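In: Requesting a structural model of the entry that follows:
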Amino acid sequence: MSHGKIREDKTCLNCGHEVEERFCPHCGQENVESRHPFYYLFTHFFEDFTHYDGQFWGTIKNLLFKPGKLTKIYLDGKRTQFVPPVKLYIFISFVTFLFISFQVASIDFGKQGMEKGKATSQEIEKSAAINDSIHKLLTESTEMMKADSLTGGAVTKVLDSVKTGAEASDIDVEKIFKSKSITESFGLHSMRDFDKREEENGHKYQIFRPFLSKIFELEERGHAPGEITDMFIKNSIHNLPKALFLYLPLFAFLLWIFHSKKKWWYFDHGVFTLHYFSFLLLITLLLFIINKLLSYFDESTFATAMNGFFVSAAIIYAGCYFFIAHYRTYRTHPALTIIVGAVLFAINTILFSFLLIGLGIISFLFLH
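Out: Now for the predicted structure:
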């Protein structure tokens, strides 16, 4: 690892001690020239983190393919050969959500929803037209009329059901997506209308009042339904890193509850949690990168199939990874590892679902 040219003067610029080789034995600062080109500001940061001597890449390799190894080595006291847990989590979290933010920023969810609704509406209309044509053709056929008389009108009943089904499916989806007002589509023009309905219905839907009030507020500012959807999704993704960071202590606390308090400290569970969440974020980043690469195939069957394969494989691997990492770190009996792991997995799934719901509520109520 080289950050610049070694100074001829062997006096450390930081503490004044004599430097025999490259690094000061007293403070550890590298004894290199202090003036550098502008690009050094960026290369220095990258080199400091990745450590071209292999620390960063060795950490990533072990994090991805050797569940529990980083945690075990760190708790054993060997802490210089790999990136520290907190630094690793912060860096991977930053890169992951930065990449996701760039991807999401280029997507207009409202426009996509409108286009999808328009396509769906066209498909429904086409299907209804085909059914009408078939119905007309078959009902006018002499042979079909004979068959109908022999079957006691069964053919007519089938054709009528087909036509009825087509009419029932003839929904103007495009109109919904092109609606200029969500509240007006429910027949509401102000919060007074909602409160009046609530008095008549016994206040059954009072829980939705804050959300409806926020929709009125956004519509008064001129935001269409598509724009509100777009703002909500992007705001939720923006708040997700904060929610994950707040969930880390809870995840570690659950581990602390299910393990020996004498053998394992809360600190130990925190290290395991940071490594596991770093792995999950790294897997998420890789999936987004793969999805971006497959998007250049214009949603072909191959791209769709491969994307589904990678997502399914990642979900299965993430689940197995937890059990393997748990076993290698805590060294419990395999049967106990499965039982405790399954209970923890179920509890965290429920709690994380509530976290996502809470995140969605907060993200929506704080839209501006």
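
In: in the helix or strand harbouring L254, what counts as buried?
Out: Taking DSSP states H and E as the criterion, L254 maps to helix 225-257. Across helix 225-257, burial judged by 16 or more other C-beta atoms under 10 Å covers 225-237, 240-241, 243-244, 247, 251-252, 254-256. Placement of C-beta: from N, CA and C, glycine included.

In: What residues of the next helix or strand after that helix count as buried?
Out: Toward the C-terminus, helix 225-257 is succeeded by helix 266-294 as the next helix or strand (DSSP H and E). Buried residues in helix 266-294, counted by 16+ other C-beta under 10 Å: 268-285, 287-288, 290, 294.

In: Show me what helix 266-294 is packed against.
Out: Applying 3 or more C-beta pairs under 8 Å, 6 or more residues apart in numbering; DSSP states H and E, one finds that helix 266-294 contacts helix 55-65, helix 69-75, helix 85-105, helix 225-257, helix 301-330.

In: could you redo these as a markdown table and give each row mean pLDDT and distance to K5?
Out: Listed next are the helices and strands packed on helix 266-294 as a markdown table, based on pLDDT from 0 to 100; distance: least, C-beta to C-beta, whole Å:
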| stretch | mean pLDDT | distance to K5 |
| --- | --- | --- |
| helix 55-65 | 90 | 23 |
| helix 69-75 | 93 | 34 |
| helix 85-105 | 88 | 27 |
| helix 225-257 | 89 | 39 |
| helix 301-330 | 91 | 43 |
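
In: closest one to I347 among those?
Out: Proximity to I347 (C-beta to C-beta) singles out helix 225-257 among the helices and strands packed on helix 266-294, at 6.1 Å.

In: roughly how far apart are R328 and H275?
Out: Distance, R328 to H275, by C-beta to C-beta, to the nearest Å: 11 Å.

In: could you list every residue that touches Y327?
Out: Neighbouring residues of Y327 by C-beta atoms under 8 Å, 6 or more residues apart in numbering: 68, 334, 337.

In: Excluding covalently adjacent residues, which one is nearest to the first one?
Out: The shortest distance from G68 to any residue that is not its chain neighbour, by C-beta to C-beta, 6 or more residues apart in numbering, is 3.2 Å, and that residue is R328.

In: Is there a neighbour count for the one you found? I'd like the number.
Out: Neighbour count for R328, taken as other C-beta atoms under 10 Å: 15.

In: check contacts around it.
Out: Contacts for R328 (C-beta under 8 Å, 6+ apart) come out as 67-69, 71-72.

In: Please report the distance of it from F322.
Out: R328 is 11 Å from F322, by C-beta to C-beta.

In: now swap in I100 and tell me
Out: Here I100 is placed at a distance of 22 Å from F322 (C-beta to C-beta).

In: quick revisit: save the contacts of Y327 as JSON lines, and put in distance to L367 and pLDDT too.
Out: Shown next, in JSON lines, are the contacts of Y327 (distance: C-beta to C-beta, whole Å; pLDDT from 0 to 100):
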{"residue": "G68", "distance to L367": "41", "pLDDT": "94"}
{"residue": "P334", "distance to L367": "48", "pLDDT": "87"}
{"residue": "T337", "distance to L367": "44", "pLDDT": "87"}
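
In: Buried ones only from those residues, please, as a ChimeraX command.
Out: Applying 16+ other C-beta under 10 Å to the contacts of Y327, the buried members can be selected in ChimeraX as follows:
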select :68,337
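
In: and the residue lying closest to I215 once chain neighbours are set aside, how many neighbours does it have?
Out: Among residues not flanking I215 along the chain, I182 sits closest, at 5.4 Å (C-beta to C-beta, 6+ apart). Neighbour count of I182, defined by other C-beta under 10 Å: 19.

In: In this structure I182 contacts P225, no?
Out: Yes: proximity of I182 to P225 meets the contact threshold set by C-beta atoms under 8 Å, at 5.1 Å.

In: Mind listing the shared neighbours of those two?
Out: In contact with both I182 and P225: no residue, using C-beta under 8 Å, 6+ apart.

In: which residues do R328 and F322 both contact?
Out: Common neighbours of R328 and F322 (C-beta under 8 Å, 6+ apart) are P67.

In: Pull the contacting residues for the closest residue to Y317 other than its chain neighbours.
Out: Among residues not flanking Y317 along the chain, I283 sits closest, at 7.5 Å (C-beta to C-beta, 6+ apart). For I283, the contact set (C-beta under 8 Å, 6+ apart) comprises 64, 314, 317-318.

In: So the nearest residue to N31 once chain neighbours are set aside versus Q29, what's the distance?
Out: Nearest non-adjacent residue to N31, counting by C-beta to C-beta, 6+ apart: V19, 4.3 Å away. Distance of V19 to Q29, given as C-beta to C-beta: 8 Å.

In: Could you do F272 as well?
Out: From F272 across to Q29, the span is 33 Å (C-beta to C-beta).

In: Next: G360.
Out: 48 Å.

In: Surely F99 and L287 touch.
Out: No: applying C-beta under 8 Å as the test, F99 and L287 come out as separate, 10.8 Å apart.

In: I'd say the residue nearest to N31 and L13 touch.
Out: No: V19 is not in contact with L13 according to C-beta under 8 Å; the separation is 9.4 Å.

In: Identify the contacts common to the two.
Out: Joint contacts of V19 and L13 (C-beta under 8 Å, 6+ apart) are N31.

In: rewinding a little: identify the residues contacting the residue nearest to N31.
Out: 10-12, 25, 31.
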